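Asker: Model the structure of this input:
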Amino acid sequence: MKNSVSSKLPLILVIFLVIAIAVATVLENRYGTHYALQHVYGAWWFVCLWAMLALAGCWLMYKRKMWKQPSVMLLHLSFLVILLGALATYLTSHKGMVHLREGETCRTYWVKNEQGLYTLTEDMPFYLALKKFQILYDADGTTPADYVSHVLIATKEGKEETTISMNNIGRVKGFRIYQTSFDDDLGGSVFTISYDPWGTAITYAGYLLLAISMIWVSISRSQKSKGPSPQPSPKWEGVYDLNARRMFNVQWGTILLTFCGIAMASYMVIAICRSPLVPILRSPFLVVHVGTIMLSYILLVVSILRREVLRPAVFLLATGIFLGAVWANVSWGTYWSWDPKESWALITLLVYSVPLHSKSLPWFNSMRNYRIYSLLAFACLLMTYFGVNFLLGGMHSYAG
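Answerer: Got it, this is the predicted structure:
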């Protein structure tokens, strides 16, 4: 009984986390981002849920003697490192805003109080001056290609002129400076100031471990699946004929689901291409991030009938999410902001990861049970793909 409870505890915690994140996206849409951050994402009980999931996962890894499967062990350890990085960011990072007019200099930035208002200030170990702000346009002369601030950064070691624009951040003494907005008369800029001494580095180390472990697990699974196929005896020819007909039906179903997945991907491509891209989307990350996510969505749809593609689909989804996190860190000043699109992508990843743990959850050994669950999980995928855009909004925008 104790073993049964310990094996199911991570699932129970995942269910609570999924519910909490889903509710938080609704609260954010209704009451604002600061409300969701204060009452859910930044609340002590939400942090404790993640901590309990990490501890329950460690205990289960010990009970399962996972060190005998080093690739799988590394995969789960990478998620622990990512959570450790998130905790470090939560405890040690600072973030604020600076508004400068051309010719102005400052060495403080505004931070939010408990009510979410910029009423407090923090000192920076450098001076920041705005020399000029400009908008760069495409060849048509009307479509913005980039927003560029020419700044001067002064430290005890000297002065340095640099440019800060979308997808091009400034770095000085552990601080990062991001182009966030600008004045209507084009005479001033708004910058995000971010200081995260430990969290980003630890989280990126977790991303690297995750990439290595996913490749390692995929290679190990591929090698195990190789082997001679048994030849049917005449006694079992009728059974094999029946299985062949079932396989034929599954293949046709797979083809239909594949077209469904491709149609979903096409919707994203059309949304991106139908109007000029905003400057923040003009990044090499766009093709890699969106392409990986789209391929994972196609495979997740196919996995309803073809269970063998679930693992690569989940791996691709995890890769796409964390590529997006790196891009967000470059463009928005933080690798994770609990934007509704990010939150529901994480929900989808958690939900689809559950059937991969059939040893701890034998209920999934039944193909019937697995397909029932897959259809329910598909609702999360639809919410992530369509529902967030139409119902919740957020920072993610695919076109101008």
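
Asker: When you work out contacts or count neighbours from here on, use the C-alpha atoms and nothing else.
Answerer: Noted.

Asker: Just to be sure, Thr108 is in a strand?
Answerer: Yes. Thr108 forms part of a strand when assessed by DSSP: H, G, I helix; E, B strand; the rest coil.

Asker: measure it to Met97 for me?
Answerer: Distance of Thr108 to Met97, computed by C-alpha to C-alpha, to the nearest Å: 9 Å.

Asker: Excluding sequence neighbours, find me the nearest residue to Thr200.
Answerer: Distances taken as C-alpha to C-alpha, 6 or more residues apart in numbering put Gly85 closest to Thr200, at 6.5 Å, once the chain neighbours are dropped.

Asker: give the contact list for the one you found.
Answerer: When contacts are counted by C-alpha atoms under 8 Å, 6 or more residues apart in numbering, Gly85 is found next to Trp198, Gly199, Thr200, Ala201, Ile202, Thr203, Gly206.

Asker: which parts of the helix or strand containing it are buried?
Answerer: Secondary structure assignment for Gly85, by DSSP states H and E: helix 70-92. Residues 71-89 are the ones in helix 70-92 that count as buried (16 or more other C-alpha atoms under 10 Å).

Asker: Could you list the domains of the protein?
Answerer: 1-64, 95-195, 235-400 (automatic domain parsing).

Asker: Can you show me the helices along this protein?
Answerer: Using DSSP state H, the helices found in the chain span residues 2-31, 33-36, 44-63, 70-92, 199-225, 237-273, 285-302, 310-331, 340-353, 367-382.

Asker: If I average pLDDT within each of those helices, which one is lowest?
Answerer: Note on these: helix 237-273 shows the lowest mean pLDDT, a mean of 55.

Asker: ok, which stretches of the stretch 51-200 of the chain are strands?
Answerer: Ranges of strands in the stretch 51-200 of the chain, per DSSP state E, counting those that start in this stretch, are 94-101, 105-112, 118-137, 144-155, 158-165, 170-172, 175-182, 188-195.

Asker: for the spatially most central residue of the chain, what are its contacts?
Answerer: The residue lying closest to the centre of the chain (C-alpha atoms, centre = their mean) is Ile321, at 3.1 Å. By C-alpha under 8 Å, 6+ apart, the contact set of Ile321 is His289, Ile293, Glu342, Ala345, Leu346.

Asker: how far does stretch 189-201 stretch from start to finish?
Answerer: End-to-end distance for stretch 189-201, by C-alpha to C-alpha: 28 Å.

Asker: neighbouring contacts of that stretch?
Answerer: If you take C-alpha under 8 Å, 6+ apart as the criterion, stretch 189-201 is touched by 84-90, 92-101, 109, 130, 133, 149, 174-183, 333-335.

Asker: Could you rerun that using 6 Å?
Answerer: 85-86, 88-89, 93-100, 175-182 (C-alpha atoms under 6 Å, 6 or more residues apart in numbering).

Asker: In that stretch, which residues are buried?
Answerer: Here stretch 189-201 shows Ser189, Val190, Phe191, Thr192, Ile193, Ser194, Tyr195, Asp196, Pro197, Trp198, Gly199, Thr200 as buried, counting by 16+ other C-alpha under 10 Å.

Asker: distance between it and the chain's centre?
Answerer: Distance of stretch 189-201 from its chain centroid, counting by C-alpha atoms, centre = their mean, to the nearest Å, is 18 Å.

Asker: please begin residue numbering at 6 from this point
Answerer: Understood, numbering begins at 6; the last thing we discussed is stretch 194-206.
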